[in-house]
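Chemist: fold the following for me, if possible:
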Amino acid sequence: MNFLLLLTFIPLVFTYDGFLSLSLNKFQDPVEELIKNFTDLFDAQQKTVGDETGSFQVELSNARTYYFIDLKVGNPQQSIRTMIDTGSADLWFIGKDNLQCASNGGTVDCQLYGTFDESKSSTWQTNNTAFEIGYLDGSEATGIMGKDGIEFAENFALDNAEFAVVKNTTENIGVFGIGYSKLESTNATYSNIPKLLKDQGVISKVAYSIYLNSKNSTQGYILFGGIDYAKFDGELTDYDIVPFSGQYLYSQIALSHISFSCNNYTGSNNGPRVGAVAYNGTGSFNGAVDIKNQPALLDTGTTYTYLLQKQVESLVKNFGNSSYNQLFGMYNVPCYIGNPGNYFTFNFGQQGYQVDASEFVINNPVGGCLFTILNSVDGSLILGDNFLRSVYALFDLEDNKISLAQANYNDNHQVVPIY
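Modeler: Take a look at the predicted model:
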């Protein structure tokens, strides 16, 4: 995992009508370094071939690719940064003795986001349960489970929170999984953080809402046990979570179709195509792909959006002058696709949610643009951060529903608890 833009918490804590808000301070890695890494790779390839309202809010930080929460763990406290993930259920930290850490003879800079040294915490209790998890990107983590206190802010902490200390991983940051408990990577289920918040009386229901904010913003938040009505337009629409093999495991709902509206392009000899006919000039065109109500996972732990290869091809064929880029594993597309006024609409049943096309177009460091709706590697459909930034999403893991509304980007709050 490579990160371009990071945020960290500053020790200012505000409460509004009983829920918790954390102010953020931003620091930024040089953009040039990321581009240089890509360019070097390209050159090498060329050469070689809760509270009264019953809600609890923690703001998140946008690293362009992932969203973070900073925690303090154990006694005395150890500061650790974790990535929020609706697609998994376990909280795990990188252990100080992780075999892959540079300090232990490996190559991973484990100090960048913090590690947990259980031998230094007087309140750590191991239960000697093995932990092992793998992710779609091929990364893995193995370690041991245990319990300790976790502080989310200066005025809020959870006692006896269960998590894993990872002893072997090539990742440099831990994961804060908030999915269904049945998705946990241990033989016996336990109360993960959303469930523990209810068990300890912080919230009334195992539910949370997520607001990632706009593409250009560097912060968003997750609200456990509450809904912020100021952060979306219209009403929330409920969708049934689709079971997997008869069980509720993944936060996935049926996606019916995706449409594309191009209202702003300047054509050339490589102008957009409708069918097999190319045309030039300035104008508009539309396209769509039928997803056939396949389940799509809403996953904050995934940067981009993934569809079946044939579905992605059905979209990009409308753009003209598009081709698959083997180096990046993405499609080259005309840069005009990301122009203001162009948008995609993701339709669930009768309701659609607009996403600015710029969310799905990034600059290719060696020229042109790349499309960040990618081919799925395992047949799973995943709606990542570049979709989720455009919606307000409520995950109700008790009633097995996800509710969506079009996001409204503003600084206001109107929080109501979920019962």
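Chemist: measure the residue positioned nearest the centre of the chain to residue 203 for me?
Modeler: The centre of the chain sits closest to residue 300, judged by C-alpha atoms, centre = their mean, with a distance of 1.9 Å. Residue 300 sits 19 Å away from residue 203, going by C-beta to C-beta, to the nearest Å. Every C-beta, even on glycine, is put in place using the N, C-alpha and C of the backbone.
Chemist: kindly report the same for residue 309.
Modeler: For residue 309, the distance to residue 203 - C-beta to C-beta - is 41 Å.
Chemist: neighbour count: those two, which is higher?
Modeler: A count of neighbours by other C-beta atoms under 10 Å puts residue 203 above the other of residue 309 and residue 203, at 27 against 14.
Chemist: and the more buried one, how far from residue 418?
Modeler: Distance, residue 203 to residue 418, using C-beta to C-beta: 7 Å.
Chemist: with residue 218 instead?
Modeler: In terms of C-beta to C-beta, residue 218 sits 27 Å off from residue 418.
Chemist: neighbour count: those two, which is higher?
Modeler: Under the neighbour definition other C-beta under 10 Å, residue 218 and residue 418 were set side by side, and residue 418 has more, 22 against 18.
Chemist: helix or strand: which one has the residue nearest to the centre of the chain?
Modeler: Using DSSP states H and E, residue 300 falls within no helix or strand.
Chemist: which one is it nearest to, not counting chain neighbours?
Modeler: residue 86 (4.8 Å; C-beta to C-beta, 6 or more residues apart in numbering).
Chemist: for residue 354, same thing?
Modeler: Nearest one to residue 354, counting by C-beta to C-beta, 6+ apart, is residue 343 at 4.9 Å.
Chemist: that neighbour is in contact with residue 357, isn't it?
Modeler: Yes: assessed by C-beta atoms under 8 Å, residue 343 is found in contact with residue 357 at 5.5 Å.
Chemist: identify the contacts common to these two.
Modeler: Applying C-beta atoms under 8 Å, 6 or more residues apart in numbering, one finds that residue 343 and residue 357 are jointly contacted by residue 260.
Chemist: which one of the two has more residues nearby?
Modeler: Between residue 343 and residue 357, counted using other C-beta under 10 Å, residue 357 has the larger neighbour count: 23 against 18.
Chemist: just checking, the more buried one touches residue 345?
Modeler: No: using C-beta under 8 Å as the test, residue 357 is too far from residue 345 to be in contact (10.6 Å).
Chemist: ok, which stretches of the stretch 101-250 of the chain are strands?
Modeler: Using DSSP state E, counting those that start in this stretch, the strands of the stretch 101-250 of the chain run over 125-134, 140-153, 156-168, 174-177, 207-211, 219-224, 226-228, 232-240.
Chemist: tell me which of the ones you listed sits most buried.
Modeler: Greatest average neighbour count among the strands of the stretch 101-250 of the chain goes to strand 174-177 (a mean of 28), per mean count of other C-beta atoms under 10 Å.
Chemist: tell me where the stretch 201-350 of the chain has helices.
Modeler: 309-316 (DSSP state H, counting those that start in this stretch).
Chemist: count the residues that sit near the closest residue to residue 340 other than its chain neighbours.
Modeler: Of all residues not flanking residue 340 in the chain, residue 264 sits nearest, at 6.2 Å (C-beta to C-beta, 6+ apart). By other C-beta under 10 Å, the residues close to residue 264 number 16.
Chemist: thought residue 264 was touching residue 339?
Modeler: Yes: contact criterion C-beta under 8 Å: residue 264 and residue 339 qualify, at 4.1 Å.
Chemist: hey, where'd the strands end up in the stretch 301-419 of the chain?
Modeler: Using DSSP E, counting those that start in this stretch, strands in the stretch 301-419 of the chain cover 305-307, 323-325, 330-333, 343-348, 351-356, 361-363, 369-371, 373-375, 381-383, 391-396, 401-407, 415-417.
Chemist: can you list the weak-confidence ranges in the stretch 151-300 of the chain?
Modeler: 266-285 (pLDDT under 70).
Chemist: tell me how far the residue lying closest to residue 407 once chain neighbours are set aside lies from residue 140.
Modeler: Leaving aside its chain neighbours, residue 407 sits nearest to residue 392 (5.1 Å; criterion: C-beta to C-beta, 6+ apart). Separation of residue 392 from residue 140 (C-beta to C-beta): 33 Å.
Chemist: then residue 165?
Modeler: Counting by C-beta to C-beta, the gap from residue 165 to residue 140 is 15 Å.
Chemist: same check, this time on residue 88
Modeler: Residue 88 is 12 Å from residue 140, by C-beta to C-beta.
Chemist: between the two, which contacts overlap?
Modeler: Residues touching both residue 88 and residue 140 by C-beta under 8 Å, 6+ apart: residue 133.
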